[in-house]
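Colleague: what's the 3D shape of this:
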Amino acid sequence: MTNYIQRNKQSKARNMTNNSIYLFNQLQASMFSSEIEKFKNRDEPLSIVGIKFKESNELLNNYSKVLRFVYEFVSASNAFIHNNGVFLFTMPHTKLHTATIQVKHLIINLKMSFPFAEVEGIGISALEAEDSNSSFLERINSFIENSIKSDSTIYYGTSRFSYSDSKETLKSLFTKSPEIYGYGFYKEAPLMQKGEVIEYSDTVFKVKFHKEFLEFLKKEEYIYLEHHDLPDIIKCDIIEVDLQNTFVELSDVKFVDDSPVHRKNIRVTPHKPIKAHISCGVDYEAEGIIYDISKESLLITMQLPKVVELNAKELTNSKFEISFGMEIETDNTTMVSTKAMIFKIIGNQIVFTIYPTKDAENEILAYIQKCQQILLLEAKGVRL
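Modeller: Take a look at the predicted model:
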C-alpha cells in the first residue's frame with residue numbers, strides 16, 4: 001500500500017512537471033509570435049541571434065550570470081529557449097550588419113568575463129517581410145548548424161544570401177534584386193543615394209546613380225554599398241565615374257562588418273535655423289534652436305538660465321513635448337510635434353531622445369534627405 005501511494009505521488013509530480021513545461025513552452029511560443037508580428041506590422045528591423053554553448057559543470061552553475069550578460073550586452077528586448085539548448089535573443093531596431101558587429105564584440109567580452117562559457121555555435125539573421133515564425137527559426141537553426149560544421153564561431157545571413165556564398169550567388173542576387181544604396185561622407189555626414197546594379201561579374205561591377213551623387217563620387221576613392229539581402233556592407237574602390245551614362249564602375253569588392261554606415265542614425269545639421277518649442281505640462285516651457293536632427297534624437301541649444309531652471313525643478317527624467325517646423329519643400333513649413341525625454345545635458349545644449357509618430361518620423365526622414373541633397377550640391381561646389 002505504501003509503495004502504491006509513493007508511486008502515485010511520483011506520477012502526480014511528473015504530471016505537474018510535464019504540465020509546467022508544456023505551459024512554459026506555450027508562453028514562449030506566444031511571446032515569440034507576438035514579437036515577430038509587432039515588428040512586421042511596424043515594418044521595423046529586428047535581428048535575432050541564436051547561441052549554443054558547450055555545456056560544462058561550471059557553466060551550468062553560472063548560466064543565469066552568463067545569460068544576463070548576453071541579454072544586456074546585445075540590448076535584447078526578449079529571450080527564448082529553443083530546441084537543442086539554443087538560446088534566442090531578439091535585437092529590436094537592429095539591422096543584420098549592426099547585429100553581427102555587436103555579437104562579434106560580445107564573443108570577445110564573453111571570453112574575458114566568463115572564460116568557461118565556451119560557444120559551440122552562433123547564428124544571426126534578420127526578420128524579412130515574407131518570414132513566418134517557423135521559417136525564421138529554421139534559418140537561425142540552419143546557421144547555427146553551419147557555424148558548428150564549418151568551425152566558424154558565427155554564421156550569419158539572410159534567406160537569399162549568407163557570408164560564405166559565392167560570387168555567382170551574388171550575381172544572381174543582383175539580377176533578381178538590383179536595388180542598392182550607396183553611401184558617401186561629406187563633413188562627417190552620411191550621404192545616402194538609392195541606385196541600381198546594372199552589371200556584375202568577376203571583372204565588372206557597375207551601379208547606376210543619380211547624376212548629382214555621381215558628381216560627388218568623382219572626388220572619392222571608394223564607396224560603401226548596402227543591399228537588403230546581404231549580411232554585410234560592401235566596400236568598393238571607384239574605378240570610373242561615367243556621367244554621360246550615369247553609372248559608376250567599381251572593383252575590389254569586399255565585405256566589411258564595421259563601417260560608418262553601421263551608425264544607427266543618420267544625423268544632419270539643419271540647412272536653416274529651426275526654432276523648437278519645449279514644454280513639460282504646466283511646469284516648464286522654453287525655446288531653443290535645433291543644432292542637429294535624426295529620426296531618434298534632437299540636439300537643441302537653449303539659453304543657459306532655462307537649463308538651470310529645468311535642473312532646479314528636477315525635470316530631467318520627465319516627459320517633454322517638442323514642436324518645430326521644417327522646410328521640406330521650398331517656402332513651405334511642415335510642423336511636427338513629438339514626445340521626448342532628456343538623454344544628456346552638455347552646458348546649454350540638451351540631447352533629447354524623441355518618440356515621433358510614424359507620420360512625424362516620415363516627415364523627419366524627408367527633411368534629412370533634403371539636407372543630404374543640399375550637402376551633395378555643396379560638395380559639388382554649388383553655392384546656396
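
Colleague: for this structure, what spans make up the helices?
Modeller: Secondary structure of the chain (DSSP state H): helices located at 2-42, 57-73, 96-113, 133-149, 167-176, 211-217, 304-312, 358-379.

Colleague: go through those and pick out the most buried.
Modeller: helix 211-217 (a mean of 20; mean count of other CB atoms under 10 Å). Using the backbone N, CA and C atoms, a C-beta is placed for each residue, glycine as well.

Colleague: output the contacting helices and strands for that helix.
Modeller: strand 179-186, strand 189-200, strand 233-242, strand 247-256, helix 358-379 (3 or more CB pairs under 8 Å, 6 or more residues apart in numbering; DSSP states H and E).

Colleague: distance of Glu327 relative to Phe53?
Modeller: 54 Å (CB to CB, to the nearest Å).

Colleague: show me what Lys339 bridges to in the sheet.
Modeller: Beta bridges link Lys339 to Glu321, Tyr355 when assigned by DSSP bridges.

Colleague: correct me, but it touches Ser323?
Modeller: No. Using CB atoms under 8 Å, Lys339 makes no contact with Ser323, being 10.8 Å away.

Colleague: which residues touch Pro231?
Modeller: Leu96, His97, Thr100, Ile124, Tyr156, Gly157, Thr158, Phe161, Ser162, Tyr163, Phe255 (CB atoms under 8 Å, 6 or more residues apart in numbering).

Colleague: ok, of those, which come out buried?
Modeller: Burial by neighbour count, 16 or more other CB atoms under 10 Å: within the contacts of Pro231 this picks out Leu96, His97, Thr100, Ile124, Tyr156, Gly157, Thr158, Phe161, Ser162, Tyr163.

Colleague: any idea how far the residue nearest to Phe205 when sequence neighbours are not counted is from His97?
Modeller: Distances taken as CB to CB, 6 or more residues apart in numbering put Leu250 closest to Phe205, at 4.4 Å, once the chain neighbours are dropped. Applying CB to CB, the value for Leu250 to His97 is 19 Å.

Colleague: that older thread, of all the helices and strands packed on helix 211-217, which lies closest to Leu46?
Modeller: helix 358-379 (16.4 Å; CB to CB).

Colleague: give me the most central residue, this structure.
Modeller: Nearest to the geometric centre of the chain sits Thr94, at 2.3 Å (CA atoms, centre = their mean).

Colleague: my guess is that residue contacts Ser47. True?
Modeller: Yes. Using CB under 8 Å, Thr94 is in contact with Ser47, at 4.7 Å.

Colleague: for the residue nearest to the centre of the chain, give me its contacts.
Modeller: Contacts of Thr94 (CB under 8 Å, 6+ apart): Pro45, Leu46, Ser47, Ser75, Gln102.

Colleague: for the fourth one, what are its contacts?
Modeller: Under the criterion of CB under 8 Å, 6+ apart, the contact list for Ser75 reads Met91, Pro92, Thr94, Gln102.

Colleague: hmm, back to that, for the residue nearest to the centre of the chain, phi and psi?
Modeller: Main-chain torsions, Thr94, degrees, to the nearest 10: phi -130, psi 120.

Colleague: how confident was the prediction at it?
Modeller: The model reports Thr94 with a pLDDT of 83.

Colleague: could you measure from it over to Asp151?
Modeller: 26 Å.

Colleague: what about Val74, how many residues close to it?
Modeller: By the criterion of other CB atoms under 10 Å, Val74 has 21 neighbours.

Colleague: mind listing what it touches?
Modeller: Val49, Phe89, Met91, Ala99, Gln102, Val103, Leu106.

Colleague: for Glu196, state which of those residues is nearest.
Modeller: Ala99 (26.5 Å).

Colleague: residues contacting that closest one?
Modeller: Contacts of Ala99 (CB under 8 Å, 6+ apart): Ser47, Val49, Val74, Met91, Ile124, Ala126, Tyr156.

Colleague: please name the nearest non-neighbouring residue to Phe255.
Modeller: Nearest one to Phe255, counting by CB to CB, 6+ apart, is Asp232 at 4.1 Å.

Colleague: was I right to think the one you found contacts His97?
Modeller: Yes. With contacts counted by CB under 8 Å, Asp232 reaches His97, the gap being 5.9 Å.

Colleague: hang on, the earlier thing: could I get the contacts of Pro231 as TSV with distance to Ser142?
Modeller: Output for these, formatted as TSV (distance: CB to CB, whole Å):
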residue	distance to Ser142
Leu96	15
His97	20
Thr100	16
Ile124	12
Tyr156	11
Gly157	9
Thr158	12
Phe161	13
Ser162	9
Tyr163	13
Phe255	20
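
Colleague: of the residues you listed, closest to Thr203?
Modeller: When these are compared against Thr203 (criterion: CB to CB), the nearest one is Phe255, at 18.5 Å.

Colleague: bridging residues for the closest one?
Modeller: Counting by DSSP bridges, the residues bridging with Phe255 are Ile234.

Colleague: give the contact list for it.
Modeller: Tyr163, Leu230, Pro231, Asp232, Ile233, Ile234, Lys235.

Colleague: would you enumerate the residues in contact with His227?
Modeller: Leu173, Phe174, Ser177, Glu179, Ile180, Tyr181, Ile234.
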